[in-house]
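> I would like the atomic coordinates for the input below:
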Amino acid sequence: MSDPALSPEFVQHLLHVVDVGPRELDKIVRELLDHWSETVEDYVRRRHRELQRSGVPNRVVYGQIAEELERRPVRSSPLSVRQVRRIIYG
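Purely as a prediction, here's the structure:
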């Protein structure tokens, strides 16, 4: 694992507590880092597409996305439904 965001000690700790090898751990950590480094705007747009594809109506989507943002580990300031719509549609 060569990611500078993680110390070698932490990598060793993960290898001891998770039943995966170094290559699998590397893939998991990269995926997590990519996922949590997503900007608020990118997250809103991606979730909007995903929820629309699932058939969720927009009147529900906006509020759901606003609520999801409040639960993310790296939080932004709370967004109103109107702000969510603005990110999606400009």
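> and the next helix or strand past the helix or strand of the chain with the lowest mean pLDDT?
Using mean pLDDT, DSSP states H and E, helix 22-36 stands out as the lowest-scoring helix or strand of the chain, at a mean of 88. Per DSSP states H and E, helix 22-36 leads on to helix 40-53 as the next helix or strand towards the C-terminus.
> can I see the domain layout of the chain?
The chain is divided into the following domains under automatic domain parsing: 1-37, 40-89.
> weakest of those by average pLDDT?
Mean pLDDT per stretch puts domain 1-37 lowest among the domains of the chain, at a mean of 85.
> now do the buried residues in that domain.
1, 6, 11, 14, 25-26, 29 (16 or more other Cβ atoms under 10 Å). Using the backbone N, CA and C atoms, a C-beta is placed for each residue, glycine as well.
> what would those look like in JSON lines with distance to Tyr89?
Output for these, formatted as JSON lines (distance: Cβ to Cβ, whole Å):
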{"residue": "Met1", "distance to Tyr89": "40"}
{"residue": "Leu6", "distance to Tyr89": "38"}
{"residue": "Val11", "distance to Tyr89": "42"}
{"residue": "Leu14", "distance to Tyr89": "41"}
{"residue": "Leu25", "distance to Tyr89": "40"}
{"residue": "Asp26", "distance to Tyr89": "38"}
{"residue": "Val29", "distance to Tyr89": "35"}
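> which one of these is nearest Ile65?
When the buried residues of domain 1-37 are compared for distance to Ile65 (Cβ to Cβ), Val29 comes out closest, at 26.3 Å.
> distance of the closest one from Arg82?
Between Val29 and Arg82 the computed distance is 36 Å (Cβ to Cβ, to the nearest Å).
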